[in-house]
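Chemist: Got a predicted structure here, sequence first:
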Amino acid sequence: MLGLLLALPILLVVTAAASAVVAKSDRIARIVGTAGCLVTCGVGVPTSLVAVLRASRDEIRYGWTLPVGELHFGIDPLSAFFLLCIFLVSGIAAVYGAGYLLAYAGRRRLAPALVFFPLLVAAMATVVLARDAIVLIIAWEIMSVASFFLVIFEHDRPEVRRAGVLYLIASQAGVVCLFVLFALLGRAAGSFDFDRLSGAALTPGLANAAFLLAVAGFGTKAGFWPLHVWLPDAHPAAPTHVSALMSGVMIKMGIYGLLRILLLLGPPPSWWGVVMIGVGGVSGIAGVLLALAQHDLKRLLAYHSVENIGIIALGIGIGLLGVSQRQPFVGFLGFAGAMLHVLNHGLFKGLLFQAAGSIQKATGTRDIESLGGLLRTMPVTGALFLVGSIAICGLPPLNGFVSEWLVFIGAFLGGAAFAPGWTVYAILVVVALALIGGLAAACFVKAFGIVFLGEPRSDRALQAHESGAAMRGAMLVSALLCAAIGVWPAGALRLVAREAAELARIPAGAGPSLPMLSAIPRAALVLAALATLLTLVRALLLRRRAVLRAPTWGCGYAAPTARMQYTAGSFARPLLEPFALIAGARLEARGPDGPFPTSARYARHFGDMAGERVFAPAYRRVLHLFSRVRGLQHGRMQLYLAYILITLIALLVWQLSGLGGR
Amino acid sequence: MSAAGTLALQLAMLLALPPLLPGVIGRVKAWFAGRRGRPLLQTYHDLFKLLGKGAVYSRTTTWLFRAGPVVSLACLILAGLIVPLSGPRAPFGFTGDVVLFAALFALARFFTLAGALDTGSSFEGMGASRDAAFSALAEPTLFLVLAIMCLPGGAPSFAGAWTALSPVASGVGRAPWFAAAAALFVVYLAENSRIPVDDPETHLELTMIHEVMVLDHGGPDLAFILYGSALKLFVLGAVLVHLVLPFPASGSWTFAATLVAGELALGVVVGTVESIMARQRLQQVPQLLIGAFAIAAVGLASVTFQGVR
C-alpha cells in the first residue's frame, strides 16, 4: 500500500512534466494536466481511505548520496488521513480548475497553472509521507515554491506580484523556524530520522523550545494570528481552484507538521494546551472579525481560513490539556474534532472558494457591494454557496457542526474534569467557540444575503449566468460530502479515531466510541421531517387561496432603486463598532459645511492590525538595518576580490592558531 | 411514563402553551399602564386568523424567503423536543444536546436573517444587521450559562444538568445558578427581542429589530413566525425556569406543572421589565450583553472556586 501511495507523487511529477512538454497548446496541456491529477486522486482517495480505516502502518527506506539521513517514508493513520484530505480536495479542485481555466484561454498561457498544480499536490503528499526531517523540509520547500508560482499566475497585475512576494517571504521566514527546530532535535537525537527523534530523551527545556518553534514555523503556513498576514493577500490572488487547494489543504500541512511534532515530543505539559487555546482563540476571533470587515468575497473567505485554523487550534489545545490532565477521553475529543475540522474545512472552504470563483467568472467582480440577486441567475451556485455557508458556521445538519460539536463536548467535559486551575481554560474554549460561531453566522448571512439575495446592485450582477458543468459538478460533490459527514458523523469519526487516540495517548485500539453521535443523524431526520411537514401544511392552507406577487414594502416610498438596499458595509457595522481596535477601523468623513455645502464624503476602511502595526514597522526596521550592510557592496570587482582575500587570510590565521580546533 | 408518552406530552405542551406567554406579558403591561389590555388568548386568535389567509410575496424574493419561516419553526420545535419539559429526560435528549440546542437557535436565526435580506428592503436589512450583531454578542453568554449549568452533572446534557441540579434545592449552593439565570435573563430578553433591547410594539420601522425583519411576511408564513417567537419565549424560558426553581427529580405531571407555573411567572417578570424600563439606545446594547457575560463569569468563578461540584 505504501508503495502505491509513494507512486502517486511520482505520477503527479510526471503529469507536471508532461504538461510542461505540451505547454504550447493550452487545450492539450489542460487535458493532460487535469487527467493526470484526476487519475492520481482517483487512486489516492480510495487507497488512503483504506489505509485510514485499516490503520495501516508501514515504512520504506532508500539510500541516497546526501551526507545526512536516508530517504525514509512511512504511513500511519495520521499520514493516511491527511493524504485523504489532500487527494480529495485536490481532485475536486482539479475538475473545477479544468472548467475555470477556460476563462483565461486565449488571454494568458495556462501552462504555469497546469504544471505547478500537480507539483504542489505531489509536494504535499510527500510532506505527509516523509519520515525524515531532511526529506520533509525539501518537500516543504517544493510545496512553498510551487504554490508561489501558482499565486503569481496573473503576474502582470502588481497586487498579485506583491501578494506573491509577501507569501514567499512569509514562507521562508516560517521555514527558518523549522530549520532551527529540526537542528535542535537532530542534535539531541543524533539523527534526522523520525524513528530516532521519537526515541530521543529530550530535556524539558528543549521540548518546550521545540514546541514553540513548531507553533511558529508550522503556524506561519497554517496562518495562526498574527502570522497570517500573507494569507489574505495570497489566497485571493491565486486562480480560484488554487485558492481552494491552498485554503483547503495546503495551510493544513502546518497542522499536520504540528501534530507530527507533538507525537515525536512525548507527553505535553499543560501550558502547551493553554498556548494552543490562546493562539486558537485569538486567531478564530480576529480572523472572523477581519472577515466581517471585507468586501472582497475571496478575501473574506481567506480570513475565514484564519478563523477555522483557530478552531482547529482550539481543538488541539483541548486535546493537549486532556492528555496532560490525564483525561484521555477529553484529549481524544479535542484531537478528533480538530482533525475532522481539517477535512471539513477543506470541503466547505473549497466549495465556497469555487462558488466565489464562479461569481467572479460570471460577473467579472468579487466586490460584494456591487452584487446582489444572484440566486435567480445562478441558482445552483447560490444553493451550493448556502450549503457551504451553513457548514462553515458550524450549524446542523452539516459537517461543520460535527467537528465543532466534538471540540465543544471535549471542552464541556474538560471543564468538569480538569484540575481546578485548568477548568477555566476549557470553559474559555466554549466561550471562544461560541463567539466565533455567532460572528461567523453574521458574516455568512452578510456574504450570502448581499451577494445572492435582494436585487442586483449593478449591471454586472444583472448579467450573471450559471457556470459550466465541470465547475457545478465539483461544487456539488463538495456539498454532498459536507452533507454526508453532517448526517453520518459516526462514519466520519472512524476517519480520525485512531490517530486522535494516538495523539491522546490512549493505548492501542480503535479509540473510544461515541454512542451519542447517533443522535445527530436522528435530529437531522426530525428536522427534515418537520420542515417537510410545515411546507406541506402551508401548501395545503394556500391551495385555494389568493397568492399574489407584489413589490417589497418600502414604507410608501414610490421609487426605490437597487442601490437603496442595505449594503455589506452597513450590515457589518454594528458588530465591527465594538471591535474597532482589532478590525483596525479608520473613518474618513467630510461632512457638508459652509452656507453653500457642495460635496460630502464618507468612507470606512478596515486594516489588519497584525500587518500594519506589527509586521510593517518590523519590516521597515529590518530593512533599515540591512541598508547599513549595503555599504559593503559597491559593485567594484577589486573590492570583492579584497573581501575574498581577507576572508581567506582570516580563516588561515584561525586554523593555524589552533582556535578552530580539529 | 413511556418514551412515546413523554414525546406526546412534550409535543402537546409545545403546541398548546407557548402562545399563552405573549398574552401574559401583554396583560401585565396593560395592568401597569392602567388599560384593560388585549385578551389573554389573543395570540391564539391571531394565529388562527393568519392561518386562514392567503399570501402576498414580494417580487424580489426567491425560494429562500419561503423556506425561512418553515426552517426556523422546524428548528425551534426540535429545540423544544431537546429541552426537558415533562421530566429530567427529554424525548430527543442525548449527551451533548446543549450544543445542538444552541445551534438550532442559530440555524433558525440564519434563515430568518437571510429571509429578511431576500426582500431587498433596506429596513429589513437594517433589522437583520442589528439582530445578527446582538445575537452574536449574546452567544458567548448563552454558552457560558450552559457550561455553568452542566458543570455539576459533569456531562454536557440537559438530563445530566437537571438531575444534578434537583437535589440542590436552595441556599448558597444555588447561588451560581442564580447568577447564571440572571445572565440568561438578559440573553432571553435580547433573543426574544424584548425591552430593553428591542420593542415589539414599536411602530417605526427604523427602530425595530425583529418586527422589521418580518414586514413582508403574511398569511401562514406570518403565523409560523408568530408561533415561532412564542415558542422561543417558551423553550428558552424553560432553561431559565430550571435554573431558578427546584424541580422534582421525577414524576412527569408535577414536573410539567412546576415548569408551566415557572413559565407564567417568567411572563409576569418580562411584562414588568417591559413596563418599568425604557428601551436602551442601540449603541448601548453591546454593553448590556457584555454586562450579562460578566454576571455569568462571576457565576462560573463561584462554581469553580467554591467547589460546589
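Modeler: Perfect, thanks for sending it.
Chemist: Secondary structure element for residue A:548, which one?
Modeler: Assigned by DSSP states H and E, residue A:548 belongs to strand A:547-550.
Chemist: hang on, I meant residue A:254
Modeler: Assigned by DSSP H and E, residue A:254 falls in helix A:252-265.
Chemist: for the very next helix or strand once past that helix, packing partners?
Modeler: Going down the chain from helix A:252-265, the next helix or strand is helix A:270-293, by DSSP H and E. If you count contacts as 3 or more C-beta pairs under 8 Å, 6 or more residues apart in numbering or on different chains; DSSP states H and E, helix A:270-293 packs onto helix A:204-222, helix A:297-324, helix A:420-452, helix A:568-576, helix A:580-583. C-beta: built from backbone N, CA, C; applies to glycine.
Chemist: right, so those helices: which one is the most enclosed?
Modeler: helix A:297-324 (a mean of 29; mean count of other C-beta atoms under 10 Å in any protein chain shown).
Chemist: Could you look up the next helix or strand downstream of it?
Modeler: helix A:328-363.
Chemist: what's residue A:601 sitting at in phi/psi?
Modeler: Backbone torsions for residue A:601, taken as degrees, to the nearest 10, come to phi -150, psi 140.
Chemist: Now for the residue in the stretch 151-300 of chain B that chain A sits nearest to: which residues touch it?
Modeler: Of the residues in the stretch 151-300 of chain B, the one nearest chain A is residue B:156, at a distance of 3.6 Å by C-beta to the nearest C-beta. Neighbouring residues of residue B:156 by C-beta atoms under 8 Å, 6 or more residues apart in numbering or on different chains: A:408-409, A:412-413, B:95-99, B:146, B:150.
Chemist: Now flag whichever of the residues you listed is closest to residue B:233.
Modeler: Of all the contacts of residue B:156, residue B:233 sits closest to residue B:146, with 18.2 Å by C-beta to C-beta.
Chemist: contacting residues around the host helix or strand of residue A:538?
Modeler: Assigned by DSSP H and E, residue A:538 falls within helix A:519-541. Helix A:519-541 has contacts (C-beta under 8 Å, 6+ apart) with A:396-397, A:401-402, A:405, A:486-490, B:51-52, B:70-71, B:73-75, B:77-78, B:81-82, B:92, B:94, B:96-97, B:100, B:104, B:219-221, B:224.
Chemist: Check stretch A:547-567 too.
Modeler: A:369, A:372-373, A:450, A:454-457, B:54-61, B:117, B:119-126, B:128-129, B:205, B:215-216.
Chemist: Drop anything exposed from those.
Modeler: A:369, A:372-373, A:450, A:454-457, B:55-58, B:60-61, B:117, B:119-126, B:128-129, B:205, B:215-216 (16 or more other C-beta atoms under 10 Å in any protein chain shown).
Chemist: Residue of the stretch 1-150 of chain A closest to chain B, please.
Modeler: For the stretch 1-150 of chain A, C-beta to the nearest C-beta, closest residue to chain B: residue A:81, 22.9 Å.
Chemist: for chain B, what are the nearby residues on the stretch 251-400 of chain A?
Modeler: A:372-373, A:375-376, A:386, A:390, A:393-396 (C-beta under 8 Å from any C-beta of the partner chain).
Chemist: repeat that for 7 Å
Modeler: A:375-376, A:390, A:393, A:395-396 (C-beta under 7 Å from any C-beta of the partner chain).
Chemist: Return the alpha-carbon coordinates of stretch A:464-480 using PDB.
Modeler: What follows is stretch A:464-480, C-alpha atoms only, in PDB (Å, rounded to 0.1, in the frame of the first residue of the first chain):
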ATOM      1  CA  ALA A 464     -24.700  37.000 -14.400                       C
ATOM      2  CA  HIS A 465     -25.100  33.500 -15.700                       C
ATOM      3  CA  GLU A 466     -24.700  30.000 -14.300                       C
ATOM      4  CA  SER A 467     -21.300  28.400 -14.600                       C
ATOM      5  CA  GLY A 468     -20.300  25.300 -16.600                       C
ATOM      6  CA  ALA A 469     -20.800  21.700 -15.800                       C
ATOM      7  CA  ALA A 470     -17.300  20.900 -14.600                       C
ATOM      8  CA  MET A 471     -17.500  23.800 -12.100                       C
ATOM      9  CA  ARG A 472     -21.000  23.000 -10.900                       C
ATOM     10  CA  GLY A 473     -20.100  19.300 -10.700                       C
ATOM     11  CA  ALA A 474     -17.100  20.000  -8.500                       C
ATOM     12  CA  MET A 475     -19.100  22.200  -6.200                       C
ATOM     13  CA  LEU A 476     -21.900  19.600  -6.000                       C
ATOM     14  CA  VAL A 477     -19.500  16.900  -4.900                       C
ATOM     15  CA  SER A 478     -18.100  19.100  -2.100                       C
ATOM     16  CA  ALA A 479     -21.600  20.000  -0.900                       C
ATOM     17  CA  LEU A 480     -22.700  16.300  -0.900                       C
END
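Chemist: thinking again about what came up before, out of the contacts of stretch A:547-567, list just those in strands.
Modeler: In strands, judged by DSSP state E, the following of the contacts of stretch A:547-567 are found: B:55-58.
Chemist: ok, which pair from those is furthest apart?
Modeler: Pairwise over these, using C-beta to C-beta, the maximum falls at B:55 and B:58, 10.8 Å.
Chemist: one step back: would you list the helices and strands packed on helix A:270-293 in TSV and tack on distance to residue A:90 and mean pLDDT?
Modeler: TSV is the format used below for the helices and strands packed on helix A:270-293 (distance: least, C-beta to C-beta, whole Å; pLDDT from 0 to 100):
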stretch	distance to residue A:90	mean pLDDT
helix A:204-222	17	94
helix A:297-324	17	96
helix A:420-452	25	94
helix A:568-576	31	90
helix A:580-583	34	77
